[in-house]
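[1] Sequence and predicted model, in that order:
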Amino acid sequence: MNREGTPIFGSLRHRVGKDARRRSTRRKLLLGAAGWPVLAWAEIVYAQKPTKVWRVGFLTSGSGPVSLDPANPSSFNAFIQGMRELGYVEGQNLLIERRFAESKIERLPGMAEELVRLKVDVIVTGGTPATRAAQQATRTIPIVFGSAGDPVGSGLVKSLPRPGGNITGRSLISSDVDPKLLDILLSVAPKLPRVAYLMNPGNLSSIATLKHLQAAAQKRGIRILPFEVKTSAQIDDVFAMMSGQNAEAVIVSLDSLFNQQRRRIVDLAAKHRLLSIAATSTFAEAGGLIGYGQIIADNYRHVASYVDRIFKGAKPAELPVEQPTTFEFVVNLKTAKALGITIPEKLLLRADRVIE
């Protein structure tokens, strides 16, 4: 016992138990403190989990995206803008493999095969030739076209509401627009006997458009004269042939070659005194007499929504091909004055824009 009569061992047991509890508490605190960095590190690692980087192939028969010409808005840049609006930023969660054929259609198959080898998640195409090349290169990778004159007639899809296969996109609905081009020309020149059609035989959409024009022209008592151009070197001679066959107007088909050479084309049309029209408003902006059609850049901005849905699991076969409902009608009065013709007032009132 101690002096106070308390058992010594009892006191020791009390102190030992108390010290043990203190050591246990300190150990728990130390372990807890040591665990905080582990938990914090785990949270940081989780927060920094790599973001999925989607790879998109962009294939077109046209030229590159950089353009100083305001009459030639870049379809590629419009697509990039559409993707950005949906949260896809190049260099962060988006990688784009660009392939521009520079109006050389024969380069498209090789470019399409290259994109397939790169195992892109989606191929976005510009124009019927590029879409056809992508279709021949793969039947599994989703393909989304930003413009196709007649996707059913060209064999790209089975039908507009149920495309089938691995392709869908945005149609140019040329079968509806083509007769209207003839009607607009007849509004300017009611007794028009012959109309030339400038086309690229390598573009299936141009061939489909020719059939639509011929059917519509027969009902209107007009003769369509097709003129084929495969290279820019042939353009001057073809316009001379148009004059030689007494054509009084020319319809320019939608094709990357003609888009690239459109200023030269409108100059030649003016030189040979031909009324000129194309199914795009940019044609009139470049100096053509009349442009009636879609704003093509809007198509490509909208294509981004297709790509987004495919990323989220949608199948191209089940995504209907959309047909734009908004068109722009532009008349170039400056060109009309140079040709010495008068545009009827009722036609001017229908125009969305008049260039003076």
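    Perfect, thanks for sending it.
[2] At which residues are the helices of the stretch 151-300 of the chain located?
    In the stretch 151-300 of the chain, the helices defined using DSSP state H, counting those that start in this stretch lie at 174-188, 204-220, 235-244, 256-260, 262-271, 281-285, 296-311.
[3] With residue 98 as the reference, name the closest of those helices.
    Ranking those by distance to residue 98, with Cβ to Cβ as the measure, places helix 296-311 first at 13.4 Å. (Glycine included, C-beta is placed from N, CA and C.)
[4] Residues in contact with the closest one: which ones?
    Residues lying outside helix 296-311 but in contact with it, judged by Cβ atoms under 8 Å, 6 or more residues apart in numbering, are 54, 56, 73-79, 81-83, 85-86, 88, 121-122, 124, 126, 142, 144-147, 168-170, 172, 280, 282, 316, 319, 322, 324, 326.
[5] how does it look with 7 Å?
    With contacts defined as Cβ atoms under 7 Å, 6 or more residues apart in numbering, helix 296-311 is touched by 54, 56, 73, 75, 78-79, 81-83, 86, 122, 124, 142, 144, 146-147, 168-170, 280, 316, 319, 324.
[6] Cross-reference those with the helices and report the matches.
    Counting by DSSP state H, the part of the contacts of helix 296-311 found in helices is 75, 78-79, 81-83.
[7] which of the residues you listed are buried?
    With burial judged by 16 or more other Cβ atoms under 10 Å, the buried subset of the ones in helices among the contacts of helix 296-311 is 75, 78-79, 82-83.
[8] can you list the weak-confidence ranges in the stretch 1-150 of the chain?
    Applying pLDDT under 70 to the stretch 1-150 of the chain flags residues 1-50, 65-73.
[9] just to revisit the earlier point, would you format the buried ones among the ones in helices among the contacts of helix 296-311 as JSON lines with distance to residue 138 included?
    As requested, those are arranged in JSON lines below (distance: Cβ to Cβ, whole Å):
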{"residue": "75", "distance to residue 138": "21"}
{"residue": "78", "distance to residue 138": "24"}
{"residue": "79", "distance to residue 138": "20"}
{"residue": "82", "distance to residue 138": "23"}
{"residue": "83", "distance to residue 138": "21"}
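[10] how long is stretch 289-301 end to end?
    27 Å (Cα to Cα, to the nearest Å).
[11] I should have written stretch 308-315 there, sorry.
    Here the two ends of stretch 308-315 are set 11 Å apart, with distance taken as Cα to Cα.
[12] Give the buried residues for that stretch.
    The neighbour-count check on stretch 308-315 (16+ other Cβ under 10 Å) flags 308-311 as buried.
[13] What mean pLDDT does stretch 241-255 get?
    The average pLDDT for stretch 241-255 rounds to 94.
[14] what pLDDT does residue 336 get?
    97.
[15] on that earlier part again, from the buried residues of stretch 308-315, pick the one nearest residue 112.
    Nearest to residue 112 among the buried residues of stretch 308-315 is residue 310, at 17.7 Å by Cβ to Cβ.
[16] Against residue 228, how distant is the closest one?
    Residue 310 sits at a distance of 36 Å from residue 228 (criterion: Cβ to Cβ, to the nearest Å).
[17] about what we covered before: restricted to strands, list the contacts of helix 296-311.
    54, 56, 122, 124, 144, 168-169, 280 (DSSP state E).
[18] Closest to residue 103 out of those?
    Taking Cβ to Cβ as the measure, residue 103 sits nearest to residue 280 out of the ones in strands among the contacts of helix 296-311, at 16.1 Å.
[19] How about residue 111: what's its closest non-neighbour residue?
    residue 99 (4.1 Å; Cβ to Cβ, 6 or more residues apart in numbering).
[20] Please apply the same query to residue 274.
    Nearest residue to residue 274, sequence neighbours excluded (Cβ to Cβ, 6+ apart): residue 250, at 4.8 Å.
[21] now residue 200
    Nearest residue to residue 200, sequence neighbours excluded (Cβ to Cβ, 6+ apart): residue 255, at 4.5 Å.
[22] Angles on the backbone of the one you found, please.
    Main-chain torsions, residue 255, degrees, to the nearest 10: phi -160, psi 140.
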